[in-house]
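Student: Structure for the following, please:
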Amino acid sequence: MHKTIIVTGGAGFIGSNFVRHLVDKTKLEKIVILDKLTYAGNLGNLEGILDPARVIFEKNDIADAKAVERIYQKHRPDWIVNFAAESHVDRSIDNPSDFIETNIVGTSILLDKALKYYGESDAEHKKTFRFLHVSTDEVYGTLGAEGLFKEETPYAPNSPYAASKAAADHLVRAYYETYGLPALITNCSNNYGPYQFPEKLIPLALLNAIEGKSIPIYGDGLNVRDWLYVEDHCEGILLALQKGRPGEKYNIGGSNEKTNMEVINTLLGFIEEFSPAAANTALSSKGIKSYEALKTFVKDRPGHDRRYAIDAQKIKTELGWQPQHNFQTGLRATVQWYLSHLDWCREVQSGKYQRERLGLAQASD
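Tutor: Alright, predicted model coming up:
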């Protein structure tokens, strides 16, 4: 068993779920979280698991080369997993430079210092060292009505976010091919579940619904995404670390293709089950009788990809991964979690962002 792992972006949505997965499912002696705590990274996501003897937090920026090198040397990791990223597409439309700095420059620094650390390691340590970069299906661009993204699908990113992640993926691959750094890449479909910042579709729509606010639906609402419950994603990443081959990439998808309208309709059904509209004073005070009445079509996002869908056969065949949640069970659990953690929701939104529309800065009329 490997003894130490560094998880960058470990206070974010997927990163914090991965840290919790490690705590519950492994006997790792030391889990080090490296995060600079931006709007989407919160120590509240790690409540109850930080432990000076095992789960350690380091507040730093992956684009700070001296800090990264110091943390590598201090903790001597066997594994490094990179979740750290600016990840919200709408924000990348408004301000691409932040995405270039973190997703490209930051990843290059993590790789550069990992290569130095790896080169100084003994032969035994080199056998087990791994650098795993967590990426997205958005690097592949958009699909038509048919087909699936495979590991060999050419990259064709359409948003500044996707372009920055594609560049990072290429750097990781180059460090394996050029320098022999034992690196892997995973590309996932749309994640959902606990601790997701309320800027993404599911938590934003859920919180707007229970507060009687309009639920924005981009364009015609028929854009398709493959939905993956975050716990299933975390298990896939862990398997890639444990069993994956350096130099390989693994697509992780939930095989749950849904239009945005289907997602919203299913979500509202679960909200109605757990918090009926008839008993919701936020709705009744406005004369609104159903959550359905809150659905509002808005101008589409610039460069909005029409459809994503992942072929996850490689990770299933080679590593034995299987998702344990379908969309119904995963979304039901997600709604229950948010409704029972409204204090967390209020806390993480206490800064500047208040669920307003983003991503229209460069849109043309």
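
Student: Quick check: beta-bridge partners of residue 58?
Tutor: Per DSSP bridges, the residues bridged to residue 58 are residue 34.

Student: Hmm, it is touching residue 32, no?
Tutor: Yes: assessed by C-beta atoms under 8 Å, residue 58 is found in contact with residue 32 at 6.2 Å. In short, each C-beta sits where N, CA and C put it, glycine included.

Student: Give me the common contacts of those two.
Tutor: Shared contacts of residue 58 and residue 32, defined by C-beta atoms under 8 Å, 6 or more residues apart in numbering, comprise residue 71.

Student: ok, the two, which is more surrounded?
Tutor: When neighbours are counted by other C-beta atoms under 10 Å, residue 58 and residue 32 differ, and residue 32 comes out ahead with 23 against 18.

Student: Number of residues surrounding residue 211?
Tutor: When neighbours are counted by other C-beta under 10 Å, residue 211 registers 13.

Student: Against residue 218, how distant is it?
Tutor: 20 Å (C-beta to C-beta, to the nearest Å).

Student: what does residue 89 give?
Tutor: According to C-beta to C-beta, residue 89 and residue 218 sit 11 Å apart.

Student: who's more crowded, these two?
Tutor: Under the criterion of other C-beta under 10 Å, the comparison of residue 89 against residue 218 puts residue 89 first, with 24 against 18.

Student: can you pull out the strands in this structure?
Tutor: 4-8, 30-35, 55-59, 79-82, 130-136, 183-188, 190-192, 215-218, 224-229, 249-252, 257-259, 295-298 (DSSP state E).

Student: Quick one: the ones you listed as a markdown table, columns for mean pLDDT too.
Tutor: Converted to a markdown table, the strands of the chain look like this (pLDDT from 0 to 100):
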| stretch | mean pLDDT |
| --- | --- |
| strand 4-8 | 98 |
| strand 30-35 | 98 |
| strand 55-59 | 98 |
| strand 79-82 | 98 |
| strand 130-136 | 98 |
| strand 183-188 | 98 |
| strand 190-192 | 97 |
| strand 215-218 | 94 |
| strand 224-229 | 96 |
| strand 249-252 | 98 |
| strand 257-259 | 96 |
| strand 295-298 | 95 |
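
Student: okay if I get those as TSV plus distance to residue 287?
Tutor: Shown next, in TSV, are the strands of the chain (distance: least, C-beta to C-beta, whole Å):
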stretch	distance to residue 287
strand 4-8	48
strand 30-35	44
strand 55-59	47
strand 79-82	49
strand 130-136	41
strand 183-188	42
strand 190-192	31
strand 215-218	17
strand 224-229	33
strand 249-252	45
strand 257-259	29
strand 295-298	16
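
Student: about what we covered before: so what sits against both of residue 89 and residue 218?
Tutor: The contact sets of residue 89 and residue 218 overlap at residue 301 (C-beta under 8 Å, 6+ apart).

Student: Looks like residue 165 contacts residue 134 (just checking).
Tutor: No: contact criterion C-beta under 8 Å: residue 165 and residue 134 do not qualify, at 9.5 Å.

Student: Can you pull the residues that touch both of those two?
Tutor: Listed as contacting both residue 165 and residue 134 by C-beta under 8 Å, 6+ apart are residue 85.

Student: the more surrounded of those two?
Tutor: Neighbours of residue 165 and residue 134, each counted by other C-beta under 10 Å, are more numerous for residue 165; the result is 29 against 26.

Student: For the more buried one, give its distance to residue 136.
Tutor: With C-beta to C-beta as the criterion, residue 165 and residue 136 are 5 Å apart.

Student: Counting by contacts, list what the lowest-mean-pLDDT helix or strand in the chain packs against.
Tutor: Within the chain, no helix or strand scores below helix 89-94, which has a mean of 86 by mean pLDDT, DSSP states H and E. Packed against helix 89-94 by the contact rule (3 or more C-beta pairs under 8 Å, 6 or more residues apart in numbering; DSSP states H and E) you find helix 96-99, helix 160-179.

Student: Below-threshold pLDDT in the stretch 151-300 of the chain: ranges please.
Tutor: For the stretch 151-300 of the chain, applying pLDDT under 70 flags no range at all.

Student: can you do 90?
Tutor: Residues of the stretch 151-300 of the chain meeting the criterion pLDDT under 90: 198-200, 300.

Student: ok, which stretches of the chain are helices?
Tutor: Taking DSSP state H as the test, the helices found in the chain are 13-25, 65-75, 89-94, 96-99, 107-119, 123-128, 160-179, 201-210, 230-243, 260-274, 281-284, 313-319, 327-339, 342-348.

Student: would you list the ones you listed in TSV and tack on distance to residue 41?
Tutor: Shown next, in TSV, are the helices of the chain (distance: least, C-beta to C-beta, whole Å):
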stretch	distance to residue 41
helix 13-25	8
helix 65-75	15
helix 89-94	14
helix 96-99	13
helix 107-119	16
helix 123-128	28
helix 160-179	16
helix 201-210	15
helix 230-243	15
helix 260-274	25
helix 281-284	29
helix 313-319	27
helix 327-339	18
helix 342-348	10
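
Student: just so I know, which of those lies nearest residue 39?
Tutor: Checking these against residue 39 by C-beta to C-beta gives helix 342-348 as the closest, at 8.1 Å.
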